[in-house]
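Colleague: Generate coordinates for the sequence data below:
(chains A and B)
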Amino acid sequence: MKLHRMPYVVQNMIIAELDLDERMLLSFTSKRTCRLLGMSKLYTNPYLSIKVRSDGVEVRIDNEDKWTFSIPYDKSALENVVYWKIDGSDVRVSHEVKEVGTEIKKHTVSIVEGADFKRTRISLDPLGKLLRHLSSFLNYDILHCICHTLPNGFISQLDCSLNYAKVWIRHEHVTIREFGRFYGRFRTREFKEDRAAVVTPKELEVLFSKIKIRELKLHVKFASAVYKYRKHPEPIGGPLIQKLILENHTWVDFSQLPTARIISFSRQVQSHEINTMFKSWVAGKNREIEIMYFEIGNKVTDRTRNFLFTGIAQHETQLTKAEIDSFLCYWFETNAWRPYQQRLRNIISLDIIREGDGLRATVIVATAGSLPDPEQKVFVMVWSEENLRTIGRAID
Amino acid sequence: MSSTEQGTSSAAPAEPTTAPESAAAPEVPESFYYVHGKDKVVHKVSAGALQHSALIHGMISNLGYTEEQAKANPFPFENIDGDILQMVVDWCNQHKGKPTPPEDTNLPKQKEKLFDLVLAVNYLEIKELLTYCCKQVAMMVKGKSPEEIREIWMIPTDAEDEAAEKEAKKRAGKEAAGETAAAAGDAK
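Modeller: Numbering: from 1, shown residues only, chains lettered A, B, ... in the order given. The predicted model follows:
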């Protein structure tokens, strides 16, 4: 029975009868077989997630069957090692199968080569190979990449031809132990500190302009504390990030924001930074942005609020209260805000207008949270076609 | 429904023995055609059974044979082994005028026979039987490891594929050189 001597139409019919498990196992037999599988991809697209942790990299595929590929940094426990053909190379793997429930199988494949992160901080080649191999014969329904730590060279291994639903990059929480007087007694207390992952300007450029990402969440910093990210001066026609969540922004130049449709700042932004952002938008920069969200702290007076708009012409908003509510509801839903976060009060709104084409943006400032620490939240809704549709306004 | 007899495609076949008619015989006399494989054994098959094969059905429609002409000129399928053609004919007879079941358990279990059957069925364009065969072939690798799959489906290693490709290129080069030399000889 020689599969490769069958007529092409028959090969395709046989492959159509195979589910994810058989296709996966078949793909590891040879390059030619993998190419054949790529000619007729699986009809039901699986969910793929890449997770990078301090103990290794894990790639999971969920369809009816589940596959977990791990590239552990510690290889000592691996047994029954065999060679599989991954992206045209012989790769040593250890494969385990467990039955979960009825007819569902859980495969765990540990890749022996590479990712010796603790010693060399390099060699993520097997991950690149694995991702190229899988995408040669699978389409993904949803693709997530969550980095709890960022090994050197990881970003360059991401396949730029794929569409990522989510890419999150941050450093793992670090447990801090502190001895002191707490709650009236001397004791050691432990708390978790969120830390930023260190990236290079080149890696950031890859994330912003080479990889198709729907939601990019970054908690990153640079080796140089004074570095400011400057986007390419000319539009380079790269993929547009739908939503960019910045968990720290020390590296952001507020007059030239990264290119994204929605930008959300998780940490408090200074009034002068917001003022720079508004001024540059009015002057015609950051044209891709349609929604911005940030917090401006809890002690905001009318004077500070006015400082946001220094040097910018303010206009009475032309959105109705219902339209503002509709926009806020959209924000709550898409960002999974909890009910207490939704209780906004003291809502003030005004419009700013872009020079040149007269495009309008509505700035909404609102208070959330309860005393004694209320938070001031700022939303900017550019009057783009998509936003107007969202709030239910008819477009000509 | 089918019958077999030794014969050749060039000579008129001897009268094949007819299988017992089914209890519910059609009122209109059914026409029969004749096919033979590599072993020259002639099989008599009813037009109704042959409808499963798009290839033979097309041939019958285009040729407009009378029964006598069909008897004198059996359709030759020299690329199909006799026993495989027998299996195909039996299947066509069994499923004549009936809706095809969701699966067929009477297919050969030996992988070489199944491989030959797939090739024959694909050539004869018998869609339903081809679907059953492909299902059966796919079932062979269920729960198997990559190495077992390689063995069952005789998948060459990358090195073997590369060597075969090199060999094919070499052969093609030699053939092209031979043709050029022959053309040059003709020109002289």
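Colleague: mind showing which ranges of the stretch 251-396 of chain A have poor pLDDT?
Modeller: Applying pLDDT under 70 to the stretch 251-396 of chain A flags the ranges A:300, A:371-372, A:395-396.
Colleague: ok, the closest residue to residue A:158 other than its chain neighbours - how many residues close by?
Modeller: Distances taken as CB to CB, 6 or more residues apart in numbering or on different chains place residue A:211 nearest to residue A:158, at 5.9 Å, with adjacent residues excluded. C-betas here are computed from N, CA, C, even on glycine. By the measure other CB atoms under 10 Å in any protein chain shown, the count of residues near residue A:211 is 21.
Colleague: Contacts only, for residue A:211.
Modeller: Shown in contact with residue A:211 (CB atoms under 8 Å, 6 or more residues apart in numbering or on different chains): A:158, A:160, A:164, A:167, A:239.
Colleague: Tell me how far the second one lies from chain B.
Modeller: In this case it means residue A:160. According to CB to the nearest CB, to the nearest Å, residue A:160 and chain B sit 26 Å apart.
Colleague: thinking again about what came up before, I'd like to know how far the residue nearest to residue A:158 sits from residue B:36.
Modeller: Distance, residue A:211 to residue B:36, using CB to CB, to the nearest Å: 62 Å.
Colleague: If we ignore the residues flanking it in sequence, what's nearest residue A:67?
Modeller: residue A:61 (4.3 Å).
Colleague: Show me what that neighbour is bridged to.
Modeller: Per DSSP bridges, the residues bridged to residue A:61 are residue A:48, residue A:67.
Colleague: any idea how chain B splits into domains?
Modeller: Annotated domains of chain B cover B:4-155, B:159-188 [automatic domain parsing].
Colleague: So for the host helix or strand of residue A:109, what gets flagged as buried?
Modeller: Here residue A:109 sits within strand A:104-111, counting by DSSP states H and E. Buried residues in strand A:104-111, counted by 16 or more other CB atoms under 10 Å in any protein chain shown: A:105, A:107, A:109, A:110, A:111.
Colleague: just stretch A:367-379 next, same as before
Modeller: In stretch A:367-379, counting by 16+ other CB under 10 Å, buried: A:367, A:368, A:369, A:374, A:375, A:376, A:377, A:378, A:379.
Colleague: Closest one to chain B out of the residues you listed, please.
Modeller: For the buried residues of stretch A:367-379, the minimum distance to chain B (CB to the nearest CB) is 53.5 Å, reached by residue A:379.
Colleague: May I have the beta-bridge partners of that closest one?
Modeller: Bridge pairing for residue A:379 - DSSP bridges - gives residue A:293, residue A:364.
Colleague: closest to chain A out of the domains of chain B?
Modeller: Of all those, domain B:4-155 sits nearest to chain A, with 3.5 Å by CB to the nearest CB.
Colleague: Quick one: name whatever helix or strand follows the worst-scoring helix or strand of chain B on mean pLDDT.
Modeller: Here the helix or strand of chain B ranked lowest by mean pLDDT, DSSP states H and E is strand B:4-6, holding a mean of 43. Sequence-wise, the next helix or strand downstream of strand B:4-6 (DSSP H and E) is strand B:32-36.
Colleague: Give the partner strands of that following strand in its sheet and their orientations.
Modeller: As defined by DSSP bridges, the strand partners of strand B:32-36 come to strand B:41-46 (antiparallel), strand B:75-76 (parallel).
Colleague: Let's have these in a markdown table, adding mean neighbour count and distance to residue A:361.
Modeller: A markdown table is the format used below for the strands paired with strand B:32-36 (neighbours: other CB atoms under 10 Å in any protein chain shown; distance: least, CB to CB, whole Å):
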| stretch | mean neighbour count | distance to residue A:361 |
| --- | --- | --- |
| strand B:41-46 | 23 | 78 |
| strand B:75-76 | 20 | 77 |
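Colleague: could I get these as a markdown table with distance to residue B:146?
Modeller: As requested, the strands paired with strand B:32-36 are exported to a markdown table (distance: least, CB to CB, whole Å):
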| stretch | distance to residue B:146 |
| --- | --- |
| strand B:41-46 | 41 |
| strand B:75-76 | 41 |
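Colleague: Output these as CSV; include the columns mean pLDDT and distance to residue B:84.
Modeller: Below are the strands paired with strand B:32-36 laid out as CSV (pLDDT from 0 to 100; distance: least, CB to CB, whole Å):
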stretch, mean pLDDT, distance to residue B:84
strand B:41-46, 87, 12
strand B:75-76, 87, 15
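Colleague: Contact residues of chain B facing chain A?
Modeller: When proximity is defined by CB under 8 Å from any CB of the partner chain, chain B lies next to chain A at B:111-112, B:114-115, B:118-119, B:122, B:130-131, B:134-135, B:137-142, B:144-147, B:149-150, B:152-158, B:161.
Colleague: show me where chain B has helices.
Modeller: B:47-50, B:54-63, B:67-72, B:82-94, B:111-124, B:127-139, B:146-152, B:158-187 (DSSP state H).
Colleague: who's in contact with the residue nearest the centre of chain B?
Modeller: With distances taken as CA atoms, centre = their mean, the residue of chain B nearest its centroid is residue B:120 (2.2 Å). By CB under 8 Å, 6+ apart, residue B:120 lies in contact with B:77, B:79, B:80, B:81, B:84, B:85, B:88.
Colleague: What of residue B:137?
Modeller: Residues in contact with residue B:137 (CB under 8 Å, 6+ apart) are A:1, A:14, A:17, B:114, B:115, B:118.
Colleague: Give me the phi and psi for the residue nearest to residue A:158.
Modeller: phi -100, psi 140 (degrees, to the nearest 10).
Colleague: for chain B, what are the nearby residues on chain A?
Modeller: Going by CB under 8 Å from any CB, the residues of chain A near chain B are A:1-4, A:6-7, A:9-10, A:13-18, A:22, A:25-26, A:28-33, A:82, A:84-85, A:88, A:95.
Colleague: quick one on the thing from earlier: dump the buried residues of strand A:104-111 to CSV, plus distance to residue B:73 and pLDDT.
Modeller: Shown next, in CSV, are these (distance: CB to CB, whole Å; pLDDT from 0 to 100):
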residue, distance to residue B:73, pLDDT
A:105, 55, 84
A:107, 56, 92
A:109, 59, 92
A:110, 64, 90
A:111, 62, 88
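Colleague: what's the neighbour count on residue B:34?
Modeller: By the criterion of other CB under 10 Å, residue B:34 has 24 neighbours.
Colleague: Am I right that it is in contact with residue B:74?
Modeller: Yes - Residue B:34 lies in contact with residue B:74 (CB atoms under 8 Å); the separation is 3.6 Å.
Colleague: if we can go back for a sec, pLDDT value on the residue nearest to residue A:158, please?
Modeller: The per-residue pLDDT reported for residue A:211 equals 90.
Colleague: do residue A:120 as well
Modeller: For residue A:120, pLDDT reads 47.
Colleague: same deal with residue B:68?
Modeller: pLDDT for residue B:68: 78.
Colleague: Of all the residues in stretch A:8-28, which ones are buried?
Modeller: Buried-residue list, stretch A:8-28, by 16+ other CB under 10 Å: A:10-11, A:13-15, A:17-18, A:20-28.
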